[in-house]
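Colleague: Turn this into a structure:
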Amino acid sequence: MQIHISSRHLKMTGAIQAYVAQKVSHLEHLTEDIIGAHVVLMHDENKAPARAFCVKIHLGVPGPDIHIEEHHSDMYAGVDLAVEKLARQLRKRKTKKVTAKKHKIQREREAEKRGYRR
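Modeller: Modelled structure (predicted):
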């Protein structure tokens, strides 16, 4: 998986880049079909302090891509929350795929029992 990290109105340090890359790369344990990730870290001084940092993550996967946007007062906590949301969505996506496959197999077996063929 390719991870592209960019920042807006925020100085990108090696520590920030390593932290984000580590967190996003852990998503590969949930599914192997992630093509790439684009992470944008933003800081807006004009917003309320509780929403000063914004983390946007775009995951490229087969089918519809997954987008997350998270606002927080701490950038590291915002990254953690965004990655947790992505993990939930990836688990939900995987469950849907597995369930659809099981239902398809079940329908085929029932059709065979009735003597129908598709």
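Colleague: Is Ser6 in a helix, a strand, or coil?
Modeller: Three-state assignment for Ser6 (DSSP: H, G, I helix; E, B strand; the rest coil): strand.
Colleague: in stretch 37-52, what counts as buried?
Modeller: For stretch 37-52, a neighbour-count test (16 or more other Cβ atoms under 10 Å) marks 37-42, 52 as buried. In short, each C-beta sits where N, CA and C put it, glycine included.
Colleague: cool, and stretch 58-69?
Modeller: Neighbour count says stretch 58-69 has 59, 61, 66, 68 buried, by 16+ other Cβ under 10 Å.
Colleague: Quick check: longest helix in the protein by residues?
Modeller: When the chain is parsed with DSSP state H, its longest helix is helix 75-114.
Colleague: Pass me the low-pLDDT residue ranges in this protein, would you?
Modeller: 116-118 (pLDDT under 70).
Colleague: Centroid-nearest residue for it?
Modeller: Nearest residue to the geometric centre of the chain (Cα atoms, centre = their mean): Leu86, 3.2 Å.
Colleague: my guess is that one contacts Leu27, does it?
Modeller: Yes. The pair formed by Leu86 and Leu27 meets the contact definition of Cβ atoms under 8 Å, at 5.9 Å.
Colleague: quick revisit: format the buried residues of stretch 37-52 as a markdown table; extra columns: distance to Lys23 and secondary structure.
Modeller: Converted to a markdown table, these look like this (distance: Cβ to Cβ, whole Å; DSSP: H, G, I helix; E, B strand; the rest coil):
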| residue | distance to Lys23 | secondary structure |
| --- | --- | --- |
| Ala37 | 10 | strand |
| His38 | 14 | strand |
| Val39 | 9 | strand |
| Val40 | 14 | strand |
| Leu41 | 12 | strand |
| Met42 | 17 | strand |
| Ala52 | 20 | coil |
